[in-house]
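# make a model of this:
(2 chains)
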Amino acid sequence: DAGVTQSPTHLIKTRGQQVTLRCSPKSGHDTVSWYQQALGQGPQFIFQYYEEEERQRGNFPDRFSGHQFPNYSSELNVNALLLGDSALYLCASSPDLGWATGELFFGEGSRLTVL
Amino acid sequence: RKEVEQDPGPFNVPEGATVAFNCTYSNSASQSFFWYRQDCRKEPKLLMSVYSSGNEDGRFTAQLNRASQYISLLIRDSKLSDSATYLCVVGSTGTASKLTFGTGTRLQVTL
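Residues are numbered from 1 along each chain as shown, chains lettered A, B, ... in the order given. Model (predicted):
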């Protein structure tokens, strides 16, 4: 049973560019959350998708957008990249109500460097 | 004020020592509480849930004090393999069903 898979694992972009990160959730999970983890910090909640809709959103600008597909996989898009967007982007899948059970399974992340 | 606050450490302890981590949260409506473990350059993984009655899993004991909005994790008989960052996590529902992570507390267990 494959866990959460993310791609790409590493990427380098320059300021002003756009990036798309991809995530396939764990089998049986229908909820996907995206987190940004800067060096030395805990994961910061970006947004959560359920049934192809953005259900919750953290304190991130509109440059951060996402999508969930019918097979529950998800994409995170970041436009007009800034140096401060350099971070590890973690995708986490859970069954619905994963917030209550802590059943949040993370992928290994996509490490984005913005130059 | 951050939603979840932890002492970032690092905590440097010898093998066999007992170490305790604390965490406070600001949202009194929070309903679920967890400790996650994150190894260097790896993804976070659930270590244990935290209940008001307290719960134990081997050498690990977690406690929750709702009145003080305080969570703790106690590790007894520390092992080298316990070296990691421990993330305090709080779950909330309503209009914001999500898990909120603290900054993490780094533990280094030494010989």
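# list the contacts for residue 86?
Here I'm looking at chain A. By C-beta atoms under 8 Å, 6 or more residues apart in numbering or on different chains, the contact set of residue A:86 is A:38, A:112, A:113, A:114. C-beta here means a position set from N, CA and C on the backbone, and glycine is covered the same way.
# let me rephrase: I mean chain B.
Neighbour list for residue B:86: B:21, B:35, B:36, B:37, B:38, B:47, B:73, B:104, B:105, B:106, B:107 [criterion: C-beta under 8 Å, 6+ apart].
# so it versus chain A, what's the distance?
Taking C-beta to the nearest C-beta, to the nearest Å as the measure, residue B:86 falls 10 Å from chain A.
# those residues of chain A touching chain B, which are they?
A:33, A:35, A:40-45, A:48, A:55-56, A:58, A:90, A:97-104, A:106-109 (C-beta under 8 Å from any C-beta of the partner chain).
# hang on, the earlier thing: just the closest of the contacts of residue A:86 to chain B, please.
residue A:38 (10.1 Å; C-beta to the nearest C-beta).
# list only those of the residues of chain A next to chain B flagged as buried.
Among the residues of chain A next to chain B, those classed as buried by 16 or more other C-beta atoms under 10 Å in any protein chain shown are A:33, A:35, A:42-45, A:48, A:55-56, A:58, A:90, A:98-100, A:102-104, A:106-109.
# before we move on, back to that, by neighbours, which of the contacts of residue B:86 wins?
Most neighbours among these, by other C-beta atoms under 10 Å in any protein chain shown: residue B:104, with 27 neighbours.
# now the element after the longest strand seen in chain B, going C-ward?
For chain B, the strand reaching the highest residue count under DSSP state E is reported as strand B:84-92. Following strand B:84-92 in sequence order, the next helix or strand is strand B:98-101 (DSSP states H and E).
# partners of that following strand, with directions?
strand B:84-92 (antiparallel) (DSSP bridges).
# chain center to the strand it pairs with, what's the gap?
Put simply, strand B:84-92 sits 5 Å off its chain's centre (C-alpha atoms, centre = their mean, to the nearest Å).
# element containing the nearest residue to residue A:44 once chain neighbours are set aside?
Leaving aside its sequence neighbours, residue A:44 sits nearest to residue A:36 (C-beta to C-beta, 6 or more residues apart in numbering or on different chains; 4.9 Å). Here residue A:36 sits within strand A:31-37, counting by DSSP H and E.
# that strand packs against which elements?
With contacts taken as 3 or more C-beta pairs under 8 Å, 6 or more residues apart in numbering or on different chains; DSSP states H and E, strand A:31-37 sits against strand A:44-50, strand A:74-78, strand A:87-94, strand B:98-101.
# what's the first one packed up against?
Counting contacts by 3+ C-beta pairs under 8 Å, 6+ apart, strand A:44-50 packs against strand A:31-37, strand A:53-57, strand A:64-68, strand B:98-101.
# now do it against strand A:64-68, angle only.
30 degrees (axes from the mean of the first three to the mean of the last three C-alpha atoms, to 10 degrees).
# for strand A:44-50, what does the pLDDT average out to?
Mean pLDDT, strand A:44-50: 93.
# which outside residues touch it?
Under C-beta under 8 Å, 6+ apart, the answer for strand A:44-50 is A:30-38, A:54-58, A:60, A:64, A:66-68, A:74, A:76, A:96, B:97-101.
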